[in-house]
Every structure is written in C-alpha cells, then in structure tokens.
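In: have a look at this prediction, sequence included:
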Amino acid sequence: MKVIVITGASAGVGRAAAKEFAKLGCKIALLARGREGLRAAKREVEDLGGRAIAVLCDVSDANAIEVAANRIERELGPIDVWVNNAMASVYGPVFKISNEDFHRVTEVTYLGTVYGTKAALRRMLPRNRGAIVQVSSALGFRSIPLQAAYCGAKHAIEGFSESLRTELFHLHSNVHITTLALPGVNTPQFEWTKTLLGKKGRPVGKVYQPEVPARAIVWAAQHKRKRIVIGYPTLESLIGERLMSSLFDHYIADVAWNGSIDREPLPKDYKPNLYEPADDFSDYGTHGRFDKESAGYSIQLWLNLHRGLVTGAGMLLIAGAYYIAKVANEKGDNRRSISPLIAVKRELERVLS
C-alpha cells in the first residue's frame, strides 16, 4: 500500500482526495489544523478501506512539517506521494488588506507548499522515487480582483514548481512533480475565508464538486504529467490570458469582482480561519453550500487525462476516412474522384450525427 501525505485534509479538495486514495487501500497521513475536521476525515478514510493518521499541523511552520514527516514515516512507512493542498485567502481590495493578512496568506498557501515540498524531497531524493502534487489554481495564471494575496501565492507556486522540475530533470531524478490548475470548487472555504466585503465570497464562474479535482490528484500521483488543467473555465482562462491579456483585464475587472461576492450576508457567528482553524470544534465536511449548481464531472478533464486515447482514436478516424476516399477514387464513384479531405469531412459528419 502506498503512503500518501495530504495537507489541508480536513475539508474540501484535500478531504475528497483522501477518500479517493482510501478506495485504493492507501495509507494516508491527514495534515490540517482543525481537530474535529481531521477526526471526521480519518473516520471516512477508514470506512472506505484505507488506513489513516491525523496530524495536527500548521503548514506555515517548517519545523512542524518536518516533525510530521518523521512521524508519518515512523508510523506508516516511506512516503510515496505528497499532496500540497493547504491554502488560505482573504477577500478584499488590495488597499484594504492588511500587511499581516498578506503575510499570512503567503506563508500558508505558498511557503506551506515550499516547506511540504522540501520535506518530501528530503525523503524521496535519496530513494530516487516519489510524486509531489501541487494543488494550484486557474488563478495561478490569470489573477482576478479581490483575491490579490491568494492569486500572488498561487503564481508563486507555479514559478517555484517550474524551477524545481528543471532541477529534477538535471539530476535525472525519478521524483516527479505535477501542478493542478483548479477551477471554482464547491468547498467549505467560502464559509470561513476572511472577507472585508460584508458578505460571503463565492467561486467565480462554473463550479465543480471537490471530487472532480480529487480524482485528478490521484491520477497525477500515478502518472508523470507536467500540469493538469481541470474544467473548461480554467482552460478558457489560460487561453484568454495568452491570446488577449489586456482585453481580459477589462472583462475580469467587473465580471470577477461581482462574481466573487455572494448575496448572502455574513452570519453573526462568522469565524474566519485565517489565523485560527474554523473546524477545530465543528466538522464542515467535504462540500460547501453550492451543491445545486456544482458539476460532478468534467468532460474536459476526462479528455485531458486520456488525450493519448483521444489522439489515437482521431488518427484512426482520419486514416479510415482517407482509405474510404482512396477506394472511392479507384472505383470512380459518382463519376468523379472524391477528395480525401472531403471524405474525411463526410466521415466526421457521419460519426458526429
């Protein structure tokens, strides 16, 4: 059984990924700050056939991560996969976010990823094996308003991971690193993310259930892929940024600003988790409050993960159409030859009809 480490495992995508790994019978170390969320996640993993240990750990503390890694290897065995998923954010315009909040978001989201990666490398490099999965975001490529601290941290993760990947290539190491670009996901983060707007935040654009990126995390742990883009909104964001970045700025300025703010006002018992865990005494679970509008499947992700199969099928289709055209030309069908390109077009129309 493989040994998996997941940070930010008490809720949302991290918890969903833990359950997916549990179905494979893995041994899983669950790292987070919230006691009750961790307890519940551990029970779910064990109910699904996995083995789990819950480790209270703030990823912004490099020493705490190192202590956790030592405990994990002592109790579960050598670490095979390390998933850096923990994050923190704050909603508000740059001029209203305090320097302390910027620092906290950066040290959790970015430096937590750096510390986790280094802890994994200390153990994986001498063994010359292992996988590191960085849970990033579409916002790591295309920033939006009201989340500058989070976007900056996700951009940093991308730059850090690119550099590390080239170093692993230089060393001819069998340790591999994959980044995942996530879309908006229906997780409890929108219940506890600090906001300066007077209303709760919400994911921008189409929303996906956390099981969608969770399945991609499991796949990334088993395959060597540089990056996995999840969901058409993420793909459109990346393409838009490359092709028309300046125009995209003006479009996002209003659409993403308004789309980030929910109509629902903050409850009286609202408790942000930026400095203290929100799930220390209450379990928030895996899903957020957007179940009714969230997609549980992504066709784009399936095509992405199976692009070899899709490419092969497309080549076979083209080859078959070309063969049909060739035979038709030789027989002189319709008193004239048929262009291979026309034949391909007709064959595609027949298949898609």
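Out: Good, I have the coordinates.
In: measure stretch 131-148 end to end?
Out: Terminal residues of stretch 131-148 lie 29 Å apart, using Cα to Cα, to the nearest Å.
In: I misspoke; the intended subject was stretch 137-153.
Out: Terminal residues of stretch 137-153 are spaced 10 Å apart (Cα to Cα).
In: can you list contacts of it?
Out: 87-94, 97, 101-102, 105-106, 108-110, 154-155, 157-158, 179, 181-183, 197, 201, 204, 233-234, 237-238, 240-241, 248, 252-253, 256-257, 260-261 (Cβ atoms under 8 Å, 6 or more residues apart in numbering). For every residue, glycine as well, the C-beta is placed using N, CA and C.
In: mind checking which of these are in strands?
Out: Assigned to strands by DSSP state E, the following of those qualify: V90, Y91, T179, A181, L182, G201, I261.
In: would you format the residues you listed as CSV with distance to V67 and neighbour count included?
Out: CSV is the format used below for the ones in strands among the contacts of stretch 137-153 (distance: Cβ to Cβ, whole Å; neighbours: other Cβ atoms under 10 Å):
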residue, distance to V67, neighbour count
V90, 28, 23
Y91, 32, 24
T179, 26, 26
A181, 31, 26
L182, 29, 27
G201, 33, 21
I261, 39, 17
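In: how about the residues you listed in a markdown table, adding distance to R165 and pLDDT?
Out: Compiled in a markdown table, the ones in strands among the contacts of stretch 137-153 are given as follows (distance: Cβ to Cβ, whole Å; pLDDT from 0 to 100):
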| residue | distance to R165 | pLDDT |
| --- | --- | --- |
| V90 | 29 | 96 |
| Y91 | 31 | 96 |
| T179 | 9 | 97 |
| A181 | 15 | 95 |
| L182 | 19 | 96 |
| G201 | 32 | 89 |
| I261 | 36 | 89 |
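In: where along this structure do the strands fall?
Out: Secondary structure of the chain (DSSP E): strands at 3-7, 27-32, 51-56, 81-84, 90-91, 131-137, 176-182, 184-185, 194-195, 199-201, 207-208, 227-229, 261-265, 294-295.
In: which one of the ones you listed lies closest to S282?
Out: The stretch from the strands of the chain with the least distance to S282 (Cβ to Cβ) is strand 27-32; that distance is 13.5 Å.
In: and the closest one, how far out from the chain middle?
Out: Averaging C-alpha positions (Cα atoms, centre = their mean, to the nearest Å) puts strand 27-32 17 Å from its chain's average.
In: which outside residues touch it?
Out: Here strand 27-32 makes contact (Cβ under 8 Å, 6+ apart) with 1-11, 14, 18, 21-22, 38, 41-42, 45, 50-57, 59, 65, 68, 72, 76-77, 79, 86, 277, 279.
In: try 6 Å
Out: 1, 3-5, 7-10, 18, 21, 38, 41, 45, 50-55, 57, 72, 76 (Cβ atoms under 6 Å, 6 or more residues apart in numbering).
In: could you check the angle it makes with strand 3-7?
Out: Per axes from the mean of the first three to the mean of the last three Cα atoms, to 10 degrees, the angle that strand 27-32 makes with strand 3-7 is 10 degrees.
In: buried members of the contacts of stretch 137-153 into PyMOL, please.
Out: Under the burial definition 16 or more other Cβ atoms under 10 Å, those of the contacts of stretch 137-153 that qualify are selected in PyMOL by:
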select buried, resi 87+88+89+90+91+92+97+101+102+105+106+108+109+110+154+155+157+158+179+181+182+183+201+204+233+234+237+238+240+241+248+252+256+260+261
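In: which of the contacts of stretch 137-153 fall within helices?
Out: Applying DSSP state H to these, the entries found in helices are 101-102, 105, 154-155, 157-158, 233-234, 237-238, 240-241, 248, 252-253, 256-257.
In: count the residues that sit near the residue nearest to K96 when sequence neighbours are not counted.
Out: Once flanking residues are discounted, K96 sits nearest to L196: 5.1 Å by Cβ to Cβ, 6 or more residues apart in numbering. Counted with other Cβ atoms under 10 Å, the neighbours of L196 add up to 13.
In: repeat that for the one 4 residues further on.
Out: Counted with other Cβ under 10 Å, the burial measure for K200 works out to 20 neighbours.
In: do G184 as well
Out: If you count neighbours by other Cβ under 10 Å, G184 ends up with 23.
In: surely it touches P203?
Out: Yes. The pair G184 / P203 is scored as a contact, 2.7 Å apart, by Cβ atoms under 6 Å.
In: got any residues that touch both of those two?
Out: By Cβ under 6 Å, 6+ apart, no residue touches both G184 and P203.
In: ok, A64 - contacts?
Out: C57, D58.
In: any idea of the pLDDT on it?
Out: As predicted, A64 sits at a pLDDT of 98.
In: what do you get for the one 10 residues further on?
Out: Note on R74: pLDDT of 97.
In: what separation is there between it and R51?
Out: 14 Å (Cβ to Cβ, to the nearest Å).
In: skipping adjacent residues, who's closest to R71 in space?
Out: V55 (6.6 Å).
In: please apply the same query to I72.
Out: Nearest one to I72, counting by Cβ to Cβ, 6+ apart, is A29 at 4.4 Å.
In: measure the one you found to V55 for me?
Out: Going from A29 to V55 by Cβ to Cβ gives 6 Å.
In: quick one, what contacts R227?
Out: If a contact means Cβ under 6 Å, 6+ apart, then R227 has T179 as its contacts.
In: what about the spatially closest residue to P93 that is not a sequence neighbour, distance to V207?
Out: Distances taken as Cβ to Cβ, 6+ apart place L146 nearest to P93, at 6.4 Å, with adjacent residues excluded. As for L146, its distance to V207 is 17 Å (criterion: Cβ to Cβ).
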